[in-house]
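Enquirer: Attaching a predicted model along with its sequence, questions to come.
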Amino acid sequence: PRPASVVVRTATAFGGGAETGACLWDAGLCLAELAAREPWRFAGRRVLEVGAGCGLVSAAVAAAAGPAWVLATDGVPETLANLAYNLQANALEPG
């Protein structure tokens, strides 16, 4: 079963230029809330999150909506490590 809520680890910085990917952004919070409130918008669809940062949106969509697949990307190694951590913490498998 998928989690009823999503948890993500954030920080002021992970180093290596990961400062922007280590925090939550208002737009991400709005999209995560939309996924929880209107999961039908994402159900069965393929979802790509470019610059996923901590992965809140990807995790929220995967947890709430049952998309066909979700691909979360980022360009900073430290951010990707935290993204993988957050996906695993929400019982989602990073690929």
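Expert: Sure, I can see it. Residues are numbered from 1 along each chain as shown.

Enquirer: And stretch 64-80, end to end?
Expert: By Cα to Cα, to the nearest Å, the extent of stretch 64-80 from end to end equals 22 Å.

Enquirer: can you give me how far it is from the chain middle?
Expert: On the basis of Cα atoms, centre = their mean, to the nearest Å, the separation between the geometric centre of stretch 64-80 and that of its chain is 6 Å.

Enquirer: what's in contact with it?
Expert: For stretch 64-80, contacts defined as Cβ atoms under 8 Å, 6 or more residues apart in numbering pick out 2, 14-18, 21-22, 35-36, 39-55, 57-58, 61-62, 83, 87, 92. The way it works is simple: take the backbone N, C-alpha and C, and place the C-beta from them, glycine included.

Enquirer: Just the buried residues of the residues you listed.
Expert: For the contacts of stretch 64-80, burial is judged from neighbour counts taken by 16 or more other Cβ atoms under 10 Å, and it is met by 14, 18, 21-22, 35-36, 39, 42, 47, 49, 52-55, 57-58, 61-62, 83, 87, 92.
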